[in-house]
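S.K.: Provide a 3D model corresponding to the input given below.
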Amino acid sequence: MHRRTTATATALALSLAAIPAAVAAPDAPPPAPVGAVGTAGDPADQEAVREALREAAAQAATQVAVQRSSPSATALDVPGPARLPSFPRPDLDAALDQLAADGAIGVTATVETSTLRWSDAAGTRDLAGQAPALERSPLRVASNTKMMVATLVMQEVEAGTWTLDTRVDDVIPGLFPDHPEVTIRHLLSHTSGMPLGTYELITPYAGTDPEDWDAFVSAIGRDYSDAEHIAAVNAAPWVGEPVAQFSYSNAGYVALGMLLEEVTGEQVEALVDERIRRPAGMGQTRVLDEPGLRGPALHEAMYVDGRGWIGLDGFDPDVFSHSGSALSTVEDLDDLTRALMSGDLVSEESVEQMVTPSSENPLGYGLGTYAIPDPCRPGEFLHGHDGASFGSLSLALSSRDGTRQLALGVTGRDLTVAQDALYDLNDLLVPMLVATC
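M.R.: Next comes the predicted model:
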């Protein structure tokens, strides 16, 4: 059943990792989004995404404040400033089931605090609907990969391989020939001035008809090299000069992966496995470079008015490369944000640099993580990232002290502009935020 989308549903549907299906000739300016939810390369749309996520946190904070003022609220048995009133937990199971009932294909989610460990799944693993989604079903987590790549970069900073102000040109000469002043910090913080990159990459292969979904599916199924990502942004106009403004760029993280491979001699996949997956205990996380999912994974699909569901089993993660090619579970995403915020993957000093806003942007984007207001503790924040492939959505957040996490993953995206969303993520996200208190 179709339901009117709210700000939060729009927020993740217009994920920072996604791009429009509407296409144009390579030399033409980006068109208005006709065949997709929006253009994540458009600064106005990105601002709407960030504001919508803050609105979700505000809704949760309002609920928490009302419940805490109830005479029945009691203090948790914890010391000092962490002492918070307790109140009945939201019905998370019902909220999760509602998303699947409204149209999501598969849903998996988890909330972990010192007093609560909840996880559940609803829906099915694919369009055929034969196998149920499982709590530990992995899915493509897209831009949540950026937290992993940023962590690897900070590990190299700590090792003395480079500093945040090392120029890219000093590591791989000529990578950005017209912009030799770009530094590692610029790439991590999306302040290099380069465009999104993914849009520029696929446009030449997606045809000229903005409603030709077959051409679009074919374009995102191509095998792209990292060099093609970089060539695409080098050939395109840049948003501005480094540090001038925040401009979200997948290509910037593709470049960071290339820098990591240059200085370590190892593939990013191997680095994630050795330095992040194993230390954080992320048993099912992998960085992929080929199409196809196996086992209990949640398969992607997109919904288009007039066509219905279109399966995306041919999607090639090289479309995002180092900016968004990871497969993970919500449990693993919890493990990632907990380990990162707790200082288990990098030093506390590095964590502080990662969570501190690097530019004037509404979401408080730092170095590979962003922040939304903590609904439980006024003045504090939850840190993490979101991610969206063309048929999946994910979100992972943690308190700064690493004691409270939430993560969710959804497959099945409505890519139709100006139409009702298939489901409202607010139905689940707001109760999950409340449950972390």
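S.K.: in the stretch 51-200 of the chain, which spans are helices?
M.R.: Listed in chain order, the helices of the stretch 51-200 of the chain (DSSP state H, counting those that start in this stretch) span 92-102, 145-159, 168-171, 184-189, 198-202.
S.K.: can I get the ones you listed in CSV with mean pLDDT?
M.R.: Formatted as CSV, the helices of the stretch 51-200 of the chain follow (pLDDT from 0 to 100):
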stretch, mean pLDDT
helix 92-102, 95
helix 145-159, 98
helix 168-171, 98
helix 184-189, 98
helix 198-202, 95
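S.K.: how about the strands in the stretch 251-400 of the chain?
M.R.: Remark: strands assigned in the stretch 251-400 of the chain by DSSP state E, counting those that start in this stretch are 286-287, 301-304, 308-311, 326-328, 370-373, 381-388, 392-399.
S.K.: Of all the ones you listed, which one comes closest to Glu241?
M.R.: Checking the strands of the stretch 251-400 of the chain against Glu241 by Cβ to Cβ gives strand 370-373 as the closest, at 22.6 Å. Just so you know, the C-beta spots here come from the backbone N, C-alpha and C atoms, and that holds for glycine as well.
S.K.: burial count for Leu271?
M.R.: 22 (other Cβ atoms under 10 Å).
S.K.: That one and Val263, how far apart?
M.R.: 11 Å (Cβ to Cβ, to the nearest Å).
S.K.: Kindly report the same for Asp97.
M.R.: Asp97 is 47 Å from Val263, by Cβ to Cβ.
S.K.: These two: which has the busier surroundings?
M.R.: Using other Cβ under 10 Å, the more surrounded residue of Asp97 and Val263 is Asp97, with 18 against 13.
S.K.: so what's Pro180 closest to, chain neighbours aside?
M.R.: The shortest distance from Pro180 to any non-neighbouring residue, by Cβ to Cβ, 6 or more residues apart in numbering, is to Asp169 (4.3 Å).
S.K.: Repeat that for Thr110.
M.R.: Ser119 (3.9 Å).
S.K.: Go ahead and confirm that neighbour touches Leu333.
M.R.: No: Ser119 is beyond contact range of Leu333, at 11.4 Å (criterion: Cβ atoms under 8 Å).
S.K.: For Gly106, name its beta-bridge partners.
M.R.: Assessed by DSSP bridges, Gly106 has beta-bridge partners Gly123, Thr411.
S.K.: didn't it look like it was pressed against Leu127?
M.R.: No: using Cβ under 8 Å, Gly106 is not in contact with Leu127; the gap is 10.1 Å.
S.K.: ok, these two, which is more surrounded?
M.R.: Taking other Cβ under 10 Å, Gly106 and Leu127 do not tie; Gly106 has more neighbours (29 against 19).
S.K.: what residues are up against the more buried one?
M.R.: Shown in contact with Gly106 (Cβ atoms under 8 Å, 6 or more residues apart in numbering): 100, 121-126, 133, 137, 139, 298-299, 409-412.
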